[in-house]
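Undergrad: Return atomic coordinates for the entry below.
(4 chains)
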2 protein chains.
Amino acid sequence: MRGPRRDATENRQNILTAAAAALNEDPDASIESIASEAGLSRRALYGHFPTRDELVEAVLVRGAERVGALLEPIAHPDARIEIALFAARLWAEVSHVRVMAALAVRAPHAVRVASALEPARARLRGTVLRGAADGTLRADIPPDTLARLIEAAAIGVLDEATRTSMSTEEGHRLAMLSALSTSGLGWREADVLIASTPGLSAPQTPSAPPPTATASRATATRRPEQQ
Amino acid sequence: MRGPRRDATENRQNILTAAAAALNEDPDASIESIASEAGLSRRALYGHFPTRDELVEAVLVRGAERVGALLEPIAHPDARIEIALFAARLWAEVSHVRVMAALAVRAPHAVRVASALEPARARLRGTVLRGAADGTLRADIPPDTLARLIEAAAIGVLDEATRTSMSTEEGHRLAMLSALSTSGLGWREADVLIASTPGLSAPQTPSAPPPTATASRATATRRPEQQ
DNA sequence: GCTAAGTTGCACATCATTGTGCAACTTAGT
DNA sequence: ACTAAGTTGCACAATGATGTGCAACTTAGC
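TA: Sure, this is the predicted structure:
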């Protein structure tokens, strides 16, 4: 009789995604707003997370894990293509990535975000390094710096995608183009590479195609009093 | 007998730059912290700005004006070069630009920042449009979008510059490279363009004495501090 | 249908921050 | 040296958000 209830653990996930959405549009979103977006009372949140900070932390870790897991299986002999694939996959996780990017700016969380993202970043650095070594990527910028610039460029696209409603295909393409351009490719090269490489042309998202972040808002306050 | 004192108006400037610096590392910096950074008491700030919001607003407007004024005189028949020049000038105003970028994310200020930056952005859009029309810039991304991506890329460099201490020369070069790459140039093209165009090669800061080679050690020297 | 897990609403303490009022002090400008 | 402009420090009210305690209620799982 003392097992944790099923709907409770599932609520925990709701809270996390609600928090991600809320923090996405305002990094200072209050517990209150997060709770209402999750369809719970403020008080109930404390049953799952003892502290706002721990909640944010959880969102962070979860996001970083997702991104990490998403990037991990990607591999390609051509560093350029691998980077394009990175960008493409990142696009599938727009909201998570943006939350982290937004929180990374806040002084208090900066360190945590950094450490949470480290694995994924290390991965990118590795790819950039390889590309610089075999001449497929630019050689005029130190690899470590270049890796961060690519990341920044990718996040730029994600921001842009959120600001203007952008179709999934368009975002997918832009993310790759941006990453490739920053990597040193001329725009024609980039276009050709994308067009001629099977697997880059279309966003093959089997799961859920994320349109553009947070859909529901405003009318909150209402809680699900189902049967 | 009733003229405003000289040191008071000069304190106002101190406050603004202090606020810029403080908000730069934490967009939520308290009045207290801003005051102490400016060397004044919290109470004294209210003698200059009635409200925290108005202070932030002032920082914003000032930053936007600076950037606007900085970009306004730039003109070049070649859109690519004009963009490189934009990036270069932006580099000279790192802190101001970064503050605005950081504040642009905050929900409350987003609109104001946007409108304050509008002139500068319009300028960039114009240049991108021209470049797209005459074939010097990429044609695979809608100009308006491209303009924002270039902006994002530039800010990415600025962030990177702030994170790692970066020499003035390095930052200058990176800012231009990043903008040009996003604009569609291949890295070799970009390098050649910069090298072959007089006026792009070095950060022409009349005030700061160019570090005479002796200083630069492995660990990059310092980054250009604002006034 | 029992029961513990989970939720709710409210009251309450705490805390950080903002913005004001006021008296005393210091300084710039004349 | 006189005076108004500016500054300081303190006290104080007002928020707004966080986190806790508690009693009552609802629901999932057995």
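Undergrad: Which helix or strand contains residue A:55?
TA: Using DSSP states H and E, residue A:55 maps to helix A:52-71.
Undergrad: by contact count, what packs against that helix?
TA: helix A:6-25, helix A:31-38, helix A:79-91, helix A:94-105, helix A:110-134 (3 or more C-beta pairs under 8 Å, 6 or more residues apart in numbering or on different chains; DSSP states H and E). The C-beta positions use only the backbone N, C-alpha and C, and glycine is treated the same way.
Undergrad: So which of those is nearest DNA strand C?
TA: Smallest distance to DNA strand C across those (C-beta to the nearest atom of the strand): 3.2 Å, for helix A:6-25.
Undergrad: Next, the angle helix A:31-38 makes with the closest one.
TA: With axes from the mean of the first three to the mean of the last three C-alpha atoms, to 10 degrees defining the directions, helix A:6-25 sits at 120 degrees from helix A:31-38.
Undergrad: does helix A:6-25 come close to chain B?
TA: Yes. Shown here: helix A:6-25 in contact with chain B (C-beta under 8 Å from any C-beta of the partner chain) through residue A:25.
Undergrad: That helix: how far from the chain's middle?
TA: Between the centre of helix A:6-25 and the centre of its host chain there is 16 Å, according to C-alpha atoms, centre = their mean, to the nearest Å.
Undergrad: Residues touching the worst-scoring helix or strand of chain A on mean pLDDT, excluding its own?
TA: For chain A, using mean pLDDT, DSSP states H and E, the weakest element among its helices and strands is helix A:94-105, scoring a mean of 84. Helix A:94-105 is contacted by residues A:20-21, A:23-24, A:27, A:56, A:59-60, A:62-64, A:66-67, A:90, A:109-110, A:113-114, A:116-117, A:154-155, A:158-159, A:161-162, A:171, A:210, A:212-214, B:27, B:102, B:105 when judged by C-beta atoms under 8 Å, 6 or more residues apart in numbering or on different chains.
Undergrad: okay, which residue is most central for chain A?
TA: Central residue of chain A (C-alpha atoms, centre = their mean): residue A:97, 2.1 Å from the mean position.
Undergrad: are any of the contacts of helix A:94-105 buried, and which?
TA: Taking 16 or more other C-beta atoms under 10 Å in any protein chain shown as the criterion, what is buried in these is A:20-21, A:23-24, A:27, A:56, A:59-60, A:62-64, A:66-67, A:90, A:109, A:113, A:116-117, A:154-155, A:158-159, A:161-162, A:171, A:210, A:212-213, B:27, B:102, B:105.
Undergrad: what's the burial count for the residue of chain A found nearest DNA strand D?
TA: Per C-beta to the nearest atom of the strand, residue A:6 is where chain A lies closest to DNA strand D, at 3.0 Å. Residue A:6: 8 surrounding residues under other C-beta atoms under 10 Å in any protein chain shown.
Undergrad: ok, it to chain B distance?
TA: Distance, residue A:6 to chain B, using C-beta to the nearest C-beta, to the nearest Å: 35 Å.
Undergrad: Any regions of chain A where pLDDT drops low?
TA: For chain A, the stretches flagged by pLDDT under 70 are A:1-2, A:203-227.
Undergrad: go with 90
TA: Judged by pLDDT under 90, chain A has its weakly predicted residues at A:1-8, A:24-27, A:64-65, A:92-117, A:159, A:162-165, A:198-227.
Undergrad: What parts of it come near DNA strand C?
TA: The interface of chain A toward DNA strand C, taken as C-beta under 7 Å from any atom of the strand, is made up of A:1-5, A:7-9, A:11, A:39-41, A:43-44, A:47-48, A:223.
Undergrad: If you go by neighbour count, which of those are buried?
TA: A:11, A:39, A:40, A:48.
Undergrad: For these, which two are the farthest from each other?
TA: A:39 and A:48 (13.2 Å; C-beta to C-beta).
Undergrad: tell me, what's touching those two both at once?
TA: Joint contacts of residue A:39 and residue A:48 (C-beta under 8 Å, 6+ apart) do not exist.
Undergrad: And for residue A:178, the neighbour number?
TA: The tally of other residues near residue A:178 (other C-beta under 10 Å) stands at 28.
Undergrad: now swap in residue A:53 and tell me
TA: Neighbour count for residue A:53, taken as other C-beta under 10 Å: 12.
Undergrad: any idea how far it is from residue A:98?
TA: Note on residue A:53: its distance to residue A:98, by C-beta to C-beta, to the nearest Å, is 20 Å.
Undergrad: Can the helix holding residue A:55 be said to contact DNA strand D?
TA: Yes. Residues of helix A:52-71 are located near DNA strand D by C-beta under 7 Å from any atom of the strand, namely A:52, A:53.
Undergrad: Pull out the CA atoms of that helix and give them to me as PDB.
TA: Below are the C-alpha coordinates for helix A:52-71, written out as PDB (Å, rounded to 0.1, in the frame of the first residue of the first chain):
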ATOM      1  CA  ARG A  52      12.300  26.500  -6.200                       C
ATOM      2  CA  ASP A  53      16.000  26.200  -6.800                       C
ATOM      3  CA  GLU A  54      15.700  22.400  -6.700                       C
ATOM      4  CA  LEU A  55      12.900  22.500  -9.300                       C
ATOM      5  CA  VAL A  56      15.000  24.700 -11.600                       C
ATOM      6  CA  GLU A  57      17.900  22.400 -11.000                       C
ATOM      7  CA  ALA A  58      15.800  19.400 -12.000                       C
ATOM      8  CA  VAL A  59      14.600  21.200 -15.100                       C
ATOM      9  CA  LEU A  60      18.100  21.900 -16.000                       C
ATOM     10  CA  VAL A  61      19.400  18.400 -15.400                       C
ATOM     11  CA  ARG A  62      16.500  16.900 -17.300                       C
ATOM     12  CA  GLY A  63      17.100  19.200 -20.300                       C
ATOM     13  CA  ALA A  64      20.800  18.600 -20.300                       C
ATOM     14  CA  GLU A  65      20.200  14.800 -20.200                       C
ATOM     15  CA  ARG A  66      17.800  15.100 -23.100                       C
ATOM     16  CA  VAL A  67      20.200  17.000 -25.200                       C
ATOM     17  CA  GLY A  68      23.000  14.800 -24.200                       C
ATOM     18  CA  ALA A  69      21.100  11.700 -25.100                       C
ATOM     19  CA  LEU A  70      20.000  13.200 -28.300                       C
ATOM     20  CA  LEU A  71      23.500  14.100 -29.400                       C
END
